[in-house]
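In: Give me coordinates for this.
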Amino acid sequence: MTLLQDRPATRLSPPSAPTRTFRNPLPQLAMFCWAVVTALPLLWAVVSSFKSDNEILNEPWSPPSALHFENWARAWNEASIGRYFLNSLIVVGGALILTMLLGSLVAYALARYEFRGNRVIYYVFVAAMFFPVFLALVPLFFVVQQLGLLGTYPGLILVYTAYAVPFTVFFLHSFFRTLPGEIAEAAFLDGCSHGAVFFRVMLPLARPGLFAVGIFNFLGLWNQYLLPLVLNPDPDRYVLAQGLAALSVSQGYRSDWSGLFAGLTIAMLPVLIAYVAFQRHIRAGMTAGAVK
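Out: Coordinates of the predicted model:
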């Protein structure tokens, strides 16, 4: 029998030094430059909205000597930014609700039910995402005109919905396909109908995807300019993008640059607030889709 102390001691090798990996700084530098190029004009517009016209022309890069909040009041009241803002809320809000309802229903049906033509319908929605919208402006104008919806809120809401539904279907399709089918089967055994399973079970499970695609749709529809330019000729129903274009012309001739920058800042605020408030949900939705 060999005693434990008679065994030769094993020599432990010293821990190896951590290997240093070389990180290429070019991607970080490119991202920093892109952030500066993107954020600097926005910050300059916000700062300029609190300046007087003289400071904007003579001292464009200096901070304002005093905060001129009257610029915002003048843009809201005299330049009709308040009316344009309300019009955008009505149109985008109605289109967003309709888009999320129809898009989630279509995506759920295509993802969870097998029927003839399923893949054909799905690829039609995918192909619609790549169709240039300006090619459909002329026929779209005559269709909306024949329906008597030209220059109305329902006309813009329906067109916005048709514009945003393909992306919504494409985005939510993968979420509904990866949801566990056992939960739906258990709901059916408990007596739920197909509609109850969708609204009570599947839709809450897809909440991260709904938040993410909802924010993307809001950003895209809020900044939409080409569709209302063609389909909304009534100045009283201008959305915010149309109002800003008219404001840039009128305020430019009047040399009211402070009012123009105030109007631009008011238009940017909902987009910035929505992104800052829901950025966690956007990341969660994108991560959940990637993992699934």
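In: any chance you could map the helices in the chain?
Out: 26-48, 53-58, 70-77, 81-112, 118-129, 137-146, 153-178, 181-189, 194-197, 203-205, 207-222, 226-231, 240-254, 257-291 (DSSP state H).
In: Rebuild the ones you listed as TSV, extending it with mean pLDDT.
Out: Shown next, in TSV, are the helices of the chain (pLDDT from 0 to 100):
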stretch	mean pLDDT
helix 26-48	86
helix 53-58	85
helix 70-77	86
helix 81-112	93
helix 118-129	91
helix 137-146	91
helix 153-178	91
helix 181-189	84
helix 194-197	86
helix 203-205	86
helix 207-222	88
helix 226-231	91
helix 240-254	76
helix 257-291	75
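In: Please identify the buried residues of stretch 207-225?
Out: Residues 208-218, 221-222, 224 are the ones in stretch 207-225 that count as buried (16 or more other CB atoms under 10 Å). In short, each C-beta sits where N, CA and C put it, glycine included.
In: brain fart, stretch 53-68
Out: Neighbour-count burial for stretch 53-68 [16+ other CB under 10 Å]: 53, 55-56, 64, 68.
In: same thing with stretch 172-181?
Out: Those would be 172-173, 175-176, 179, for stretch 172-181 by 16+ other CB under 10 Å.
In: What lies in contact with it?
Out: With contact meaning CB atoms under 8 Å, 6 or more residues apart in numbering, stretch 172-181 is reached by 103-104, 107-108, 110-112, 122, 202, 205-206, 208-210, 213, 288-289, 292.
In: got it, and stretch 109-117?
Out: Contacts of stretch 109-117 (CB under 8 Å, 6+ apart): 118, 121-122, 169, 172-177, 181, 184, 202.
In: now the end-to-end length of it.
Out: 12 Å (CA to CA, to the nearest Å).
In: Repeat that for stretch 111-126.
Out: 14 Å.
In: what's the spacing between that stretch and its chain's center?
Out: Taking CA atoms, centre = their mean, to the nearest Å, one finds the center of stretch 111-126 at 25 Å from the center of the full chain.
In: Which residues in that stretch does the neighbour count mark as buried?
Out: If you call a residue buried by 16+ other CB under 10 Å, then stretch 111-126 has these buried ones: 111-112, 122, 125.
In: and what of stretch 226-236?
Out: Neighbour-count burial for stretch 226-236 [16+ other CB under 10 Å]: 227-228, 230-232.
In: For that stretch, measure first residue to last.
Out: 17 Å.
In: got it, and stretch 41-54?
Out: 19 Å.
In: Give me the buried stretch members for that stretch, please.
Out: 45-53.
In: Over to stretch 95-105?
Out: Quick answer for stretch 95-105 (16+ other CB under 10 Å): 95-96, 98-100, 102-105.
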